[in-house]
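**Student:** predicted model, plus sequence, below.
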Amino acid sequence: MLKRIIYPVLTLAVAAQGCTSKQNERKPNVIIIYTDDVGYGDIGCYDSDEVSTPNIDRLASEGVRFTNAYACASTCTPSRYALLTGEYHWRKPPGWSVGKIKGVSIAPGDAGILIDPARPTLPFLLKGAGYKTAVVGKWHVGLGPEGGPDWNGIIKPGMPEIGFDYSFLIPVTGDRVPCVFVENSRVAGLDPEDPIQVSYKKPIGPDSLIYNPGITPDVIVSYDKPSGTGREDKRDIKMHPSFGHDQSIVNGIPRIGYMTGGRSALWKDEKIAETITEKALRFIDENRDYPFFLYFSTHDVHVPRVPGKRFAGKSTLGVYGDVLMQMDWCVGQIIDRIDQLGLAENTLVIFSSDNGPVQNDGYHDGTDEISALHKPSGPYRGGKYSALEGGTKVPFIVRWRGKIKPGVSGALFSQIDIMASLAALAGHPDPEEQAIDSHDNLQVLLGKKETDREFVVQQNMGGTLSIIKDNYKYIEPGDGPALNPYTNPPVELGNSPLPQLYNLANDPGEKKNLAEKFPEITKQLADELQKIKNIK
């Protein structure tokens, strides 16, 4: 696999010389490297002493490292929706539920596509400006019609309908079925004689299994009869769930949801990182003579955390550190290829994460043991799922060699502005009338201005909203639970029946609620948030 990914540098260098003059005349390439559940404290250049991320650190040393940048939500689906559409996901709340937490904004595995093909998207804007566009890696913004896709046919609506020329997807998440890749609207490697069936409601087929730790650690209840009656069967389990994740078992890992069939198309978890990186590199190679946009979305460090052989056991933080190393390797492969092809001076690279971090998130993978050693949210309170800073304050790095002066920016920045900013970079007409939440902040993105965004709006797991303005953060009252009971350690969700106000300038850890002390500021921010909500 390594030989297939790292082509001879000499060949790349020769190819690079032949197209240098063309590159100088064309629009800049854009690569967004969007990682999964990577926290502010998970990256070496963000003052983390416990992890080694030399490739990301090099990216930061050659570009601008933002210290005050935010994802739009503390969970995956809404952050990705906002990034790609320039619209806050909460404007169309889905109202899903996970356990006792209502209004959850995490798309189920059988969700139809959440992006209306009729609306403007980032890939469509860039495609309209002459770019070749691709998405490679984790998707989790729904596929197909309402009710879910036909996994055995053409999956439509899908990536072509929202602007991507090429796609190679992890359709949902690594811990949800179906555990297959989708390439250009079809399941890759599917044998039509072994069709896929997926259900999120009840066991189906002989491959739908339920892990039952109450029997023995390696006993499975297998539902292989239409009536649903079960039998016990011993199988090898290489990762045991701590909650949920107890349904179909693929590659020895219990997942969320039931699946049968599609055996020839099943991925190998240990090879996901290499596989998607190879696809991304191939797209770069094939489109190096054209302006291109690549949305490269890693699986790491989302659960199940399964490092490849070259990373397993190599870190000091167990499997969590191993997959951080693996994720950093993926970044290194991308930027090395850009450099080898001579594209660095014509390629804008953005590195970030979809939300804050989480440790034990459904599997006993050793993260309980490192929780005292490593603080993935850095100095911030909360993490994935939370309205607190650890939920949405994420690493954010931008490199464009020769165009961006290396340094550090403390400007307030939101991922919601990536769409309008990149549209401006590509010379596309201003999309703000259609993407009402995204604004052109290109000069801040390029490190040429330190002007703060006027405000940042955030969304937690259950839909609670918060707003940051003038260093004050207001979290609206909500009736959701205070903690996520399904994580270990339990993540503070930031919910409270009372309004919350924090001065982030002198209290970045959000320890002192100032709502009663400063009622006027609290009301001003509450009114500002309501005004934003009312925008149509």
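**Tutor:** That came through fine. Everything numeric in this text was worked out from a predicted model, so none of it was measured.

**Student:** quick one: low-confidence parts of the stretch 301-450 of the chain?
**Tutor:** Within the stretch 301-450 of the chain, the ranges that satisfy pLDDT under 70 run 429-434.

**Student:** the strands in it, which residues?
**Tutor:** 347-353, 396-399, 407-409, 413-414 (DSSP state E, counting those that start in this stretch).

**Student:** list the strands paired with the third one, with their directions.
**Tutor:** What that stands for is strand 407-409. Here strand 407-409 is paired, per DSSP bridges, with strand 64-66 (parallel).

**Student:** same deal with the second one?
**Tutor:** Strands flanking strand 396-399 in the sheet, each with its direction: strand 64-66 (antiparallel), strand 347-353 (antiparallel) (DSSP bridges).

**Student:** re earlier: the strands of the stretch 301-450 of the chain into JSON lines, with extra columns for distance to L445 and mean neighbour count?
**Tutor:** (Glycine included, C-beta is placed from N, CA and C.) Formatted as JSON lines, those follow (distance: least, C-beta to C-beta, whole Å; neighbours: other C-beta atoms under 10 Å):
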{"stretch": "strand 347-353", "distance to L445": "8", "mean neighbour count": "25"}
{"stretch": "strand 396-399", "distance to L445": "6", "mean neighbour count": "24"}
{"stretch": "strand 407-409", "distance to L445": "9", "mean neighbour count": "14"}
{"stretch": "strand 413-414", "distance to L445": "7", "mean neighbour count": "25"}
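
**Student:** got those as CSV, with distance to Q524 columns?
**Tutor:** Below are the strands of the stretch 301-450 of the chain laid out as CSV (distance: least, C-beta to C-beta, whole Å):
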stretch, distance to Q524
strand 347-353, 30
strand 396-399, 27
strand 407-409, 27
strand 413-414, 20
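
**Student:** looking at the ones you listed, which is nearest to Y81?
**Tutor:** strand 413-414 (13.9 Å; C-beta to C-beta).

**Student:** output the contacting helices and strands for that closest one.
**Tutor:** strand 69-70 (3 or more C-beta pairs under 8 Å, 6 or more residues apart in numbering; DSSP states H and E).

**Student:** other SSEs contacting the strand it packs on?
**Tutor:** Contacts defined by 3+ C-beta pairs under 8 Å, 6+ apart place strand 69-70 against strand 413-414.

**Student:** OK, contacts around the nearest residue to H240 once chain neighbours are set aside?
**Tutor:** For H240, ignoring the flanking residues on the chain, the nearest one in space by C-beta to C-beta, 6 or more residues apart in numbering is H364 at 4.9 Å. Contacts for H364 (C-beta atoms under 8 Å, 6 or more residues apart in numbering) come out as 239-242.

**Student:** just to revisit the earlier point, okay if I get the strands paired with strand 396-399 as TSV plus distance to R26?
**Tutor:** Listed next are those as TSV, based on distance: least, C-beta to C-beta, whole Å:
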stretch	distance to R26
strand 64-66	23
strand 347-353	11
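
**Student:** so, low pLDDT: which residues of the stretch 101-250 of the chain?
**Tutor:** Residues of the stretch 101-250 of the chain that meet the cut-off, pLDDT under 70, sit at 102, 205-236.

**Student:** let's see it at 90
**Tutor:** 101-108, 147, 201-240, 242-249 (pLDDT under 90).

**Student:** correct me, but A82 touches R91?
**Tutor:** No: A82 is beyond contact range of R91, at 9.7 Å (criterion: C-beta atoms under 8 Å).

**Student:** thinking again about what came up before, what's the closest of the strands paired with strand 396-399 to I276?
**Tutor:** strand 347-353 (15.7 Å).

**Student:** pull the residues that contact that closest one.
**Tutor:** Residues contacting strand 347-353 (C-beta under 8 Å, 6+ apart): 28-39, 56, 59, 63, 69, 71, 331, 334-335, 338, 394-401, 403, 415, 418, 425, 445.

**Student:** residues touching G262, list them.
**Tutor:** G262 sits in contact with 151, 178, 180, 187, 190-191, 194-196, where contact means C-beta under 8 Å, 6+ apart.

**Student:** at 6 Å what do you get?
**Tutor:** Going by C-beta atoms under 6 Å, 6 or more residues apart in numbering, G262 touches 180, 190, 196.

**Student:** over to W90?
**Tutor:** Contacts of W90 (C-beta under 6 Å, 6+ apart): Q459.

**Student:** and for Q500?
**Tutor:** For Q500, the contacting residues are 475, 513, 515, by C-beta under 6 Å, 6+ apart.

**Student:** likewise S199?
**Tutor:** S199 is in contact with Y258, counting by C-beta under 6 Å, 6+ apart.

**Student:** residue numbering should commence at 50 henceforth.
**Tutor:** Shifting the count to begin at 50 puts that one at S248.

**Student:** now do it against E541, distance only.
**Tutor:** Computed as C-beta to C-beta, to the nearest Å, the S248 to E541 distance reads 34 Å.

**Student:** how about the secondary structure of the residue lying closest to E232 once chain neighbours are set aside?
**Tutor:** Spatial nearest neighbour of E232, chain neighbours left out: F217 (4.8 Å); criterion: C-beta to C-beta, 6+ apart. Here F217 is strand, with the state taken from DSSP: H, G, I helix; E, B strand; the rest coil.

**Student:** and if you look at A575?
**Tutor:** Strictly by three-state DSSP, A575 counts as helix.

**Student:** pop the domain breakdown of the protein in here.
**Tutor:** 51-239+316-505, 246-309 (automatic domain parsing).

**Student:** thinking again about what came up before, make a PyMOL selection of the buried ones in the contacts of strand 396-402.
**Tutor:** To isolate the buried subset of the contacts of strand 396-402 in PyMOL, counting by 16 or more other C-beta atoms under 10 Å, use the following:
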select buried, resi 77+78+79+80+81+82+83+84+85+86+87+88+105+108+112+118+120+380+383+384+387+443+444+445+446+447+448+449+450+452+464+467+474+494
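
**Student:** restricted to helices, list the contacts of strand 396-402.
**Tutor:** When the contacts of strand 396-402 are checked against helices (DSSP state H), the matches are 105, 108, 380, 383-384, 387, 467, 474, 494.
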